[in-house]
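Trainee: just to be clear, the model below is a prediction. Sequence and coordinates:
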Amino acid sequence: MIDKTIGTPAEAVSCIGDGAVVMIGGFGEAGSPVELVHALIDQGTGNLTAINNNTGNGEVGLAALIGNGQVRKMICSYPRSSHSKLFPDRYRAGEIELELVPQGTLAERIRAGGAGIPAFYTPTAVGTPLAEGKEVRQLDGHPYLLERWLKADFALVRCETADRVGNLTYNKTARNFGPLMCMAAKTTIVQARRVVEPGEIDPEHVVTPGIFVDRIVEVPEPLHESRLVAEGRRYP
């Protein structure tokens with residue numbers, strides 16, 4: 001069995017190069033792999049396309065990656081939230097692209113990417129500006145919009161427990177997009193609060209099988225985005 005553990009977040013993201021498409025797990029703060037994102041900032045990798053539920057908060061994590069000018073395009077459902085300021089500023093200045101995707105469609109596009117389904121039809125966004133340029137088909141008397149899968153070069157995901165061969169469990173809602181992104185990326189990099197030996201996770205509790213995971217780094221005391229924002233912290 002392959003031991004997939006890596007020593008540090010910096011080593012874990014060292015394989016990500018300029019121009020990569022990167023899925024970043026998390027629903028707001030829940031499940032956000034802050035340490036991996038900060039390591040990517042330190043590395044200076046640029047011209048990225050980032051896929052996430054939102055565009056980050058405050059001046060840490062994903063928001064800091066955007067604010068540092070390393071993201072060329074953002075694909076998300078919520079480009080603005082109560083504490084988002086770096087993305088809106090860069091977007092208004094024409095320094096970053098935005099592809100807005102309804103949240104259910106975003107999840108299904110990622111799932112389709114992992115399942116090998118090139119496209120699917122959905123009624124969501126029919127008749128709205130988001131339908132412009134997309135195929136619309138009548139099925140059972142109703143219009144449906146054709147949406148393409150989403151795949152990525154890399155996925156950055158946070159989990160609760162991982163074993164050394166890559167089987168993962170998650171902490172409640174921190175699970176969110178993580179399992180889908182692990183399947184839809186060529187290379188999945190995971191930060192785990194705890195790394196255990198193979199066999200220590202009950203097979204019935206495994207959410208993401210190790211076949212979808214490539215690199216694991218243990219982060220016993222992960223940073224919490226909301227606390228950093230409340231403290232007025234910024235990165236770097």
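Mentor: Happy to help now that I have it.
Trainee: any idea which helix or strand comes after whatever helix or strand residue 160 lives in?
Mentor: Using DSSP states H and E, residue 160 falls within strand 152-163. Counting by DSSP H and E, the next helix or strand C-terminal to strand 152-163 is strand 168-169.
Trainee: quick check, pLDDT for the residue in the chain sticking out farthest from the centre.
Mentor: Outermost residue of the chain with respect to the C-alpha centroid, by CA atoms, centre = their mean, is residue 141; its distance is 35.7 Å. The score at residue 141 is 96. That number is its pLDDT.
Trainee: contacting residues for it?
Mentor: By CB atoms under 8 Å, 6 or more residues apart in numbering, residue 141 lies in contact with nothing. C-betas here are computed from N, CA, C, even on glycine.
Trainee: how far away is it from residue 123?
Mentor: 12 Å (CB to CB, to the nearest Å).
Trainee: the residue nearest to residue 90 when sequence neighbours are not counted: neighbour count?
Mentor: Residue nearest to residue 90 in three dimensions, not counting chain neighbours: residue 96, with 4.6 Å by CB to CB, 6 or more residues apart in numbering. For residue 96, the neighbour count with other CB atoms under 10 Å is 21.
Trainee: would you confirm that residue 75 contacts residue 99?
Mentor: Yes. Contact status for residue 75 versus residue 99: in contact at 4.4 Å, counting by CB atoms under 8 Å.
Trainee: looking at those two, which has the bigger crowd around it?
Mentor: More crowded of residue 75 and residue 99, by other CB under 10 Å: residue 75, with 20 against 14.
Trainee: which of the helices or strands spans the more buried one?
Mentor: According to DSSP H and E, residue 75 maps onto strand 71-76.
Trainee: the inter-axis angle of that strand versus strand 152-163?
Mentor: When axes from the mean of the first three to the mean of the last three CA atoms, to 10 degrees is applied, the directions of strand 71-76 and strand 152-163 differ by 70 degrees.
Trainee: could you dump strand 71-76 to CSV, C-alpha only?
Mentor: Taking Å, rounded to 0.1, in the frame of the first residue of the first chain, the C-alpha atoms of strand 71-76 are listed here in CSV:
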residue,chain,number,x,y,z
VAL,A,71,-6.4,33.9,-9.3
ARG,A,72,-7.2,34.7,-12.9
LYS,A,73,-10.8,33.3,-12.9
MET,A,74,-13.3,32.4,-10.1
ILE,A,75,-16.0,29.8,-10.6
CYS,A,76,-18.5,30.0,-7.7
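Trainee: quick one, what contacts the residue nearest to residue 137 when sequence neighbours are not counted?
Mentor: Distances taken as CB to CB, 6+ apart put residue 144 closest to residue 137, at 5.5 Å, once the chain neighbours are dropped. By CB under 8 Å, 6+ apart, the contact list for residue 144 reads 121-123, 126, 136-138.
Trainee: one more: residue 170?
Mentor: Taking CB under 8 Å, 6+ apart, we find residue 170 in contact with 31, 159-160, 178-179, 207.
Trainee: hmm, try it at 10 Å
Mentor: Taking CB atoms under 10 Å, 6 or more residues apart in numbering, we find residue 170 in contact with 25, 30-31, 157-161, 176, 178-179, 192, 207-208.
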